[in-house]
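> I would like the atomic coordinates for the input below:
(one chain, ligands or ions: 2)
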Amino acid sequence: MELGSLRDLFVEELKDLYSAENQILKALPRMIKKASSRQLKSGFEQHLKETQGHVERLDKIFQELDESPRGKKCKGMEGIIADGKELMSQDAEPQVMDAGLISAAQHMEHYEIAGYGAVRTYADLLGHSNMVDLLQSTLDEEKTTDEKLTQVAGNINVQAQKAA
Ligand SMILES: [Fe+2]
Ligand SMILES: [Fe+2]
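Residues are numbered from 1 along each chain as shown. Ligands and ions are numbered 1, 2, ... in the order given. Reported below is the predicted structural model:
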């Protein structure tokens, strides 16, 4: 049995998140280039730095668990990023593109929030309190990013509505 225990599921989902975070590290620079709004660009830049920290926290957890972070490709994030790429390939008014980029980024954040919520809870049940702290820190940053995106959208969506 591949998933015989909650610990197995914990490791499986951590691998999924590790793959997701690494895919995000590659996707965000393209989104930064594509964004027109200064505020949106700098928000993406800040989250790129945070995302590097998310990978480091996961590395720490895998070391403590004596498990490899490799071996899984997160198909959920792959799909979300593919949707984003499709958006970015289109000819769009800059403000409309920015509104679309915010939506794409929020799809990414919500996926991460669901994943980190689950593994944080498993870590707690499995008695790994140090891992709970690491995962909670990342979860908090994902939630803050999502809230900031909602704030920026308040402005950009209105501008997108006025475009063309
Ligand atoms: Fe992240
Ligand atoms: Fe994120």
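
> can you tell me the helix or strand for the residue in the chain positioned nearest to ligand 1?
Scanning the chain for the residue nearest ligand 1 gives H54, at 3.8 Å (criterion: CB to the ion). (Each C-beta comes from the backbone N, C-alpha and C, glycine too.) Using DSSP states H and E, H54 falls within helix 38-65.

> Quick check: what element follows that helix along the chain?
helix 75-88.

> Buried residues of that following helix, list them for me.
G76, M77, I80, I81, G84, L87, M88 (16 or more other CB atoms under 10 Å).

> The second one: what's its closest spatial neighbour, skipping adjacent residues?
Taking CB to CB, 6 or more residues apart in numbering, and ignoring the residues beside it in sequence, M77 has A20 as its nearest neighbour in space, at 3.9 Å.

> Hmm, the one you found is touching H110, no?
No - at 11.9 Å, A20 and H110 do not qualify as touching, with contact defined as CB atoms under 8 Å.

> the more surrounded of those two?
With neighbours defined as other CB atoms under 10 Å, A20 and H110 compare such that A20 has more, 26 against 14.

> From the chain's centroid, how far away is the longest helix along the chain?
Counting residues, the longest helix found in the chain (DSSP state H) is helix 129-162. Centroid separation for helix 129-162 versus its chain: 10 Å, with CA atoms, centre = their mean, to the nearest Å.

> how about that helix, does it get close to ligand 1?
No - contact of helix 129-162 with ligand 1 (CB under 5 Å from the ion) is absent, the minimum separation being 5.5 Å.

> Now do the same contact list for P29.
Taking CB atoms under 8 Å, 6 or more residues apart in numbering as the criterion, P29 is in contact with L48.

> May I ask which helix or strand encompasses it?
Assignment of secondary structure by DSSP H and E places P29 within helix 6-34.

> Quick check: which ranges of the chain have low pLDDT?
Judged against pLDDT under 70, the chain has no low-scoring part.

> what about A92, how many neighbours?
Neighbours of A92 using other CB under 10 Å come to 18.

> Assess the claim that it and G100 are in contact.
Yes - with contact defined as CB under 8 Å, A92 and G100 form a contacting pair (6.9 Å).

> No more questions from me, cheers.
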